[in-house]
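> Here you go, sequence then predicted model.
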Amino acid sequence: MIICSCNALSDKDIKAAIQSGASRPSEIYTARKCRVQCGNCTSGIVCLLKEAIRQNSTNSTLCPIPADSPAQLGVYPQ
């Protein structure tokens, strides 16, 4: 499923970036060699990150992500 239509990022692309160690939306964009555009996908990316954290809670190197603001998430629309 496409999560980011601006960059054509699918849930599989995002999950692959998470598996490679990305733990913030900005790190996912960097891993996929793109940038945030409109920011509408941020909530979907955060959801996938939180899901990965829950699934890997006992062996995870990921840190919980506060969802208070895009700046705290490392997302800075250009």
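In hand now; what should we look at?
> Longest helix in this protein, please.
helix 42-55 (DSSP state H).
> Once you drop chain neighbours, what's closest to Ala17?
Distances taken as C-beta to C-beta, 6 or more residues apart in numbering place Ala31 nearest to Ala17, at 3.9 Å, with adjacent residues excluded. Just so you know, the C-beta spots here come from the backbone N, C-alpha and C atoms, and that holds for glycine as well.
> Surely that neighbour touches Ser23?
No - assessed by C-beta atoms under 8 Å, Ala31 is found out of contact with Ser23, at 10.6 Å.
> so what secondary structure elements neighbour the helix or strand bottoming out on mean pLDDT in the chain?
One helix or strand of the chain scores below all others by mean pLDDT, DSSP states H and E: helix 42-55, with a mean of 92. If you count contacts as 3 or more C-beta pairs under 8 Å, 6 or more residues apart in numbering; DSSP states H and E, helix 42-55 packs onto strand 2-4, helix 11-19, helix 25-31.
> Can you tell me what sits against the first one?
Contacts with strand 2-4, where a contact means C-beta atoms under 8 Å, 6 or more residues apart in numbering, come from Ala8, Leu9, Ser10, Asp11, Asp13, Ile14, Cys34, Gln37, Cys41, Gly44, Ile45, Leu48.
> mind putting the residues you listed in a markdown table, distance to Asn56 and neighbour count included?
Below are these laid out as a markdown table (distance: C-beta to C-beta, whole Å; neighbours: other C-beta atoms under 10 Å):
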| residue | distance to Asn56 | neighbour count |
| --- | --- | --- |
| Ala8 | 26 | 11 |
| Leu9 | 21 | 20 |
| Ser10 | 20 | 13 |
| Asp11 | 16 | 16 |
| Asp13 | 18 | 18 |
| Ile14 | 15 | 25 |
| Cys34 | 25 | 15 |
| Gln37 | 29 | 14 |
| Cys41 | 22 | 22 |
| Gly44 | 19 | 17 |
| Ile45 | 17 | 26 |
| Leu48 | 12 | 18 |
